[in-house]
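> what's the 3D shape of this:
(2 chains)
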2 protein chains.
Amino acid sequence: MATTITDIAKYINVSPAMVSRVIHNSGYVSKEKRELIEKTLSELNYVPNKVAQGLKSQKTGMIGHILPRAYPNPFWAGLCQSIDEYADECDYQILRLFTYNDPKRELKQIEEMVARKVDGIIFTSASSKENIQRVVDMGIPTVMVERPLDVMGVDKVLIDYVEASYVATKHLLRLNHKNIGYIGVDTSVNVVESERYNGFQRALMEEKITTDNKYIKFCESYSPQYGFHLMEEMILSDFLPSGIFVASDVLAIGVLQALYKHRIRVPDDISIIGYDNSYADILSPPISSVGLPLKEMGEAAINLILERMKSKTTSVKTLTLHASYVERESVKHNTNQEVESDGT
Amino acid sequence: MATTITDIAKYINVSPAMVSRVIHNSGYVSKEKRELIEKTLSELNYVPNKVAQGLKSQKTGMIGHILPRAYPNPFWAGLCQSIDEYADECDYQILRLFTYNDPKRELKQIEEMVARKVDGIIFTSASSKENIQRVVDMGIPTVMVERPLDVMGVDKVLIDYVEASYVATKHLLRLNHKNIGYIGVDTSVNVVESERYNGFQRALMEEKITTDNKYIKFCESYSPQYGFHLMEEMILSDFLPSGIFVASDVLAIGVLQALYKHRIRVPDDISIIGYDNSYADILSPPISSVGLPLKEMGEAAINLILERMKSKTTSVKTLTLHASYVERESVKHNTNQEVESDGT
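The predicted structure follows:
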């Protein structure tokens, strides 16, 4: 076991109280004794017992992070890394627990965090409204990242999703694409999905372009399999747009696999833009994508928790951050003289 | 803040001691009062203070997990998930800290874990020998996963790396590939790398096949860029084998990007087998790869910690687990009548 204050006191024959005074830098200790104690602390690898310290200070230096699951997606990995790095700078540790999208499990994990007296909790992605509300009602500093759920009294770090899709779609339009496809998750699933689609539509409307419905494909959730299936459906229908905005890199994995199977080259035969810049750089070819500001998101989440810990303010903040277009090799200028699609 | 025993006692006008007796199920409390207290505990969302409990029981229910960085690789994500899920079954929490491959930072993270009185520490990948030894010497149950570092008194969960590469290479040989390439990290970097290469060579030697050195390419670390570079070098040299064993899916990302760029089709023009089955299923096409038993690795790591906590045994265990070949779409039977490579 780790060295205790008593061990050290015994070892050099001083009182435990004196050792404690040196550790906490409080009260008088002679220079000579202080030096002896400091040397011994270092030699015996003394590390303060933060469990006991936590009891006294009512601060454990630990922030909880609830997220759906371990990080099969580099987007979550990047967000976790950003949270970890900034927590580290602020001398906090992250206790990260997973819900596996089960509200009961989520509640259990929350109870675990409360029992460990975390100083605050960061929720990311699909958490239950009731569970978050419960944490807020306990007076625990709480922040929600990425999901605009309607919960009272909770700070939020959001992305301007409409703008993100708008920027990607505008890029295709500028490169002379007129028949632009959309592959995404059904807009009824979540506000995040409907905003992605709205940004796409807004860009088209600005240019007074109407897209044939055959170019718009929805699925029920984010998975490569859905991307593959929807892309193959489009290929086999012979309604192939010159460019597609794919509302998630996870879907783009499957989109590229379908294109590869059918020997359709990117960007020679079709331009592709992904979303969230997670898998974009490891695909063949690496695809252009809309990147979220992961570093800023992580920092903002922790800063909101720390601010709420310090001041007992009741005012609630929502911070909206902006995505940016990351150019790679999957988009090219459309040189075809396309006929305006009229469904015939 | 969370509800305390005192809050509950006040709320229903009983003594805190009585509430405590109900919570810990010790000592006499009348049926009527017990029911009232239990109802109130539930209504007021009482959760036990594990910080204080940890102090008493000398067990914090927390296991530390040291790894190089947040999980940019699905292999680490999968291992973390397996550790988390099994920890959850065993009613343990994982405190996961990152070293970013800096031994000083690693030491700081270890001190953090010791200060929080973790019940054990799991090391994965590149940790410093000195740091691990330090933890072992403190008497903290310790296990090393995946890296066969030479540290005294530490339990290990390893993979039979030689066998893993052997199995993949044998598969290519069975499908009539004779000129088989190897792309991997230099064997002097780590025993893990040299064992991967040894397995490859052992399979070739069994069939009395000697491979031209032009088919063997080494780089200094795992990154898609190195994979791309080495593959492109091979393509441009016009020494293209019919099949390649790529000693990591991370390298295979770049290998496939180079092949895509040069319009060489997989598996029509060349067969590819990856290693560690991390990115294999999201590539175009999805590639066959050698998969490690992540679930078993995570479970074994935690079981070794728990066993060491229970018994004060000094005998040290090394558990070697086995990889398996996962078939996908990147390998086909070689129908070319190849000339034995003799370097001309």
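> Please report how far residue A:216 lies from chain B.
23 Å (Cβ to the nearest Cβ, to the nearest Å). Backbone N, C-alpha and C define where each C-beta goes, glycine included.
> Neighbours of that residue, how many?
Around residue A:216 there are 18 other residues, counting by other Cβ atoms under 10 Å in any protein chain shown.
> Look at the nearest residue to residue A:222 once chain neighbours are set aside and tell me its secondary structure.
Residue nearest to residue A:222 in three dimensions, not counting chain neighbours: residue A:250, with 4.5 Å by Cβ to Cβ, 6 or more residues apart in numbering or on different chains. With DSSP: H, G, I helix; E, B strand; the rest coil as the basis, the three-state label of residue A:250 is helix.
> quick one: contacts for residue A:250?
Contact criterion Cβ atoms under 8 Å, 6 or more residues apart in numbering or on different chains gives A:73, A:222, A:223, A:224, A:227, A:276, A:278, A:279 as the residues in contact with residue A:250.
> Show me those that map onto helices.
Of those, the ones assigned to helices by DSSP state H are A:224, A:227.
> most neighbours, which of the contacts of residue A:250?
Most neighbours among the contacts of residue A:250, by other Cβ under 10 Å: residue A:227, with 28 neighbours.
> contacting residues for the residue nearest to that residue when sequence neighbours are not counted?
Residue nearest to residue A:227 in three dimensions, not counting chain neighbours: residue A:254, with 2.8 Å by Cβ to Cβ, 6+ apart. With contacts defined as Cβ under 8 Å, 6+ apart, the neighbours of residue A:254 are A:223, A:224, A:225, A:226, A:227, A:228, A:229, A:230, A:231.
> Just name the lowest-scoring one in these, pLDDT-wise.
Among the contacts of residue A:254, residue A:223 carries the lowest pLDDT, at 93.
> Spatially nearest residue to that one, not counting backbone neighbours?
In space, residue A:223 is closest to residue A:250, 6.5 Å off (Cβ to Cβ, 6+ apart).
> For the stretch 151-300 of chain A, which residues are neighbours of chain B?
Applying Cβ under 8 Å from any Cβ of the partner chain, we find that the stretch 151-300 of chain A lies next to chain B at A:224, A:253, A:256-257, A:259-261, A:279, A:281-286.
> redo that, cut-off 6 Å
Where the stretch 151-300 of chain A comes near chain B, counting by Cβ under 6 Å from any Cβ of the partner chain, the residues are A:253, A:256, A:257, A:260, A:282, A:284, A:285.
> For the last one, give its distance to residue B:74.
Right, residue A:285. 20 Å (Cβ to Cβ, to the nearest Å).
> So if I had to pick from those two, which one is more boxed in?
The neighbour comparison of residue A:285 against residue B:74 (other Cβ under 10 Å) goes to residue B:74, with 25 against 19.
> Who are the contact partners of the residue nearest to the more buried one when sequence neighbours are not counted?
Taking Cβ to Cβ, 6+ apart, and ignoring the residues beside it in sequence, residue B:74 has residue B:278 as its nearest neighbour in space, at 4.3 Å. Under the criterion of Cβ atoms under 6 Å, 6 or more residues apart in numbering or on different chains, the contact list for residue B:278 reads B:73, B:74, B:75, B:249.
> What is the nearest of the residues you listed to chain A?
residue B:74 (5.8 Å; Cβ to the nearest Cβ).
> And the pLDDT for the closest one?
For residue B:74, the pLDDT comes out at 82.
> Could you measure from it over to residue B:123?
With distances taken as Cβ to Cβ, residue B:74 is found 20 Å from residue B:123.
> what's the answer for residue A:284, then?
With the distance defined as Cβ to Cβ, residue A:284 ends up 35 Å from residue B:123.
> Quick check, residue A:271 in contact with residue A:244.
No: taking Cβ atoms under 6 Å as the definition, residue A:271 is not a contact partner of residue A:244, at 7.3 Å.
> Of those two, which one has the most company?
Neighbours per residue, other Cβ under 10 Å: of residue A:271 and residue A:244, the larger number sits with residue A:244, 29 against 25.
> circling back to that earlier point, for residue A:316, state which of the contacts of residue A:254 is nearest.
When the contacts of residue A:254 are ranked by distance to residue A:316 (Cβ to Cβ), residue A:223 comes first, at 34.4 Å.
> Next up, phi/psi of that closest one, please.
Torsion angles at residue A:223 (phi, psi; degrees, to the nearest 10) stand at phi -160, psi 150.
> in the stretch 201-344 of chain A, what spans have low per-residue confidence?
Counting by pLDDT under 70, the stretch 201-344 of chain A contains low-confidence ranges at A:312-314, A:337-344.
> in it, which spans are helices?
Secondary structure of the stretch 201-344 of chain A, counting by DSSP state H, counting those that start in this stretch: helices at A:224-236, A:249-261, A:294-310.
> Please work out which of those is packed deepest.
The densest packing among the helices of the stretch 201-344 of chain A, expressed as mean neighbour count by mean count of other Cβ atoms under 10 Å in any protein chain shown, is seen in helix A:249-261 with a mean of 26.
> Take it, keep the C-alpha atoms, and write them as PDB.
Extracted C-alpha coordinates of helix A:249-261, given in PDB (Å, rounded to 0.1, in the frame of the first residue of the first chain):
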ATOM      1  CA  ASP A 249     -18.900   9.900 -42.200                       C
ATOM      2  CA  VAL A 250     -20.200   6.700 -40.800                       C
ATOM      3  CA  LEU A 251     -22.700   6.500 -43.600                       C
ATOM      4  CA  ALA A 252     -20.000   7.600 -46.000                       C
ATOM      5  CA  ILE A 253     -18.000   4.400 -45.200                       C
ATOM      6  CA  GLY A 254     -20.800   2.400 -46.700                       C
ATOM      7  CA  VAL A 255     -21.400   4.900 -49.600                       C
ATOM      8  CA  LEU A 256     -17.800   4.500 -50.700                       C
ATOM      9  CA  GLN A 257     -17.900   0.700 -50.300                       C
ATOM     10  CA  ALA A 258     -21.000   0.600 -52.600                       C
ATOM     11  CA  LEU A 259     -19.300   2.900 -55.200                       C
ATOM     12  CA  TYR A 260     -16.200   0.700 -55.000                       C
ATOM     13  CA  LYS A 261     -18.200  -2.400 -55.600                       C
END
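> Show me the shaky parts of the stretch 1-150 of chain A.
Along the stretch 1-150 of chain A, segments meeting pLDDT under 70 span A:1-3, A:24-27, A:45-58, A:70-72, A:126.
> Recalculate using a threshold of 50.
Judged against pLDDT under 50, the low-scoring parts of the stretch 1-150 of chain A cover residues A:1, A:55-56.
> Just want the residue of the stretch 101-250 of chain A that's nearest chain B.
Of the residues in the stretch 101-250 of chain A, the one nearest chain B is residue A:115, at a distance of 4.1 Å by Cβ to the nearest Cβ.
> now residue A:230, nearest residue through space, not along the chain?
Nearest one to residue A:230, counting by Cβ to Cβ, 6+ apart, is residue A:217 at 4.1 Å.
> ok, now residue A:107?
Nearest to residue A:107 is residue A:131, by Cβ to Cβ, 6+ apart, at 5.6 Å.
> tell me which element that neighbour falls in.
Assigned by DSSP states H and E, residue A:131 falls within helix A:129-137.
> again, but for residue A:163
Secondary structure assigned from DSSP H and E places residue A:163 in helix A:161-174.
> wouldn't residue A:232 be in contact with residue A:259 here?
No: between residue A:232 and residue A:259 there is no contact under Cβ under 6 Å: 9.1 Å.
> and the one helix or strand residue A:80 maps to, how far from the chain's centre?
In this structure, residue A:80 is located in helix A:74-89 according to DSSP H and E. Averaging C-alpha coordinates over helix A:74-89 and over its chain gives two centres that are 8 Å apart (Cα atoms, centre = their mean, to the nearest Å).
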